[in-house]
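Asker: Next one to model:
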Amino acid sequence: MLAEFNEGRSKSFYCILATVMDIQEITQAIAQARDESVGKDISGKSKTLHLITNKIAEERKYNLKLRK
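Answerer: Residues are numbered from 1 along each chain as shown. So this is what the prediction gives:
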């Protein structure tokens, strides 16, 4: 995720994803984001992955918010 989809502001979000979501869900989300973000810049790729992972989190009732 960091190598392909990090626009400079998503590292914390991706760390939370790695902690909360199952590895298979993450793998599927990355594959879907790769397919949907062909030809987009890094910001567009990041936005695509955020939308996909947020949809999965909403369906599974995961909390992806950073608690401080």
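Asker: Mind jotting down where the helices sit in the chain?
Answerer: Applying DSSP state H to the chain gives helices spanning 2-5, 11-20, 23-36, 42-60.
Asker: could you say what helices and strands the first one packs with?
Answerer: Here helix 2-5 touches helix 11-20, helix 23-36, helix 42-60, going by 3 or more C-beta pairs under 8 Å, 6 or more residues apart in numbering; DSSP states H and E. Glycine gets a C-beta too; all of them are placed from N, C-alpha and C.
Asker: thinking again about what came up before, and among the helices of the chain, the most buried is which?
Answerer: Per-residue neighbour counts averaged over each of the helices of the chain give the maximum for helix 42-60, namely a mean of 17 (mean count of other C-beta atoms under 10 Å).
Asker: And the helices and strands packed on helix 2-5: which comes nearest residue 66?
Answerer: Evaluated over those, closeness to residue 66 peaks at helix 11-20, with 5.9 Å, by C-beta to C-beta.
Asker: Put the alpha carbons of that closest one into PDB.
Answerer: Extracted in PDB, the C-alpha atoms of helix 11-20 (Å, rounded to 0.1, in the frame of the first residue of the first chain):
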ATOM      1  CA  LYS A  11       0.600   6.100   6.200                       C
ATOM      2  CA  SER A  12      -1.400   6.200   9.500                       C
ATOM      3  CA  PHE A  13      -4.500   5.100   7.700                       C
ATOM      4  CA  TYR A  14      -2.700   2.200   6.000                       C
ATOM      5  CA  CYS A  15      -1.300   1.100   9.400                       C
ATOM      6  CA  ILE A  16      -4.800   1.100  10.900                       C
ATOM      7  CA  LEU A  17      -6.000  -1.000   7.900                       C
ATOM      8  CA  ALA A  18      -3.200  -3.500   8.400                       C
ATOM      9  CA  THR A  19      -4.200  -3.800  12.100                       C
ATOM     10  CA  VAL A  20      -8.000  -4.000  11.700                       C
END
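Asker: Please consider this matter closed, and thank you.
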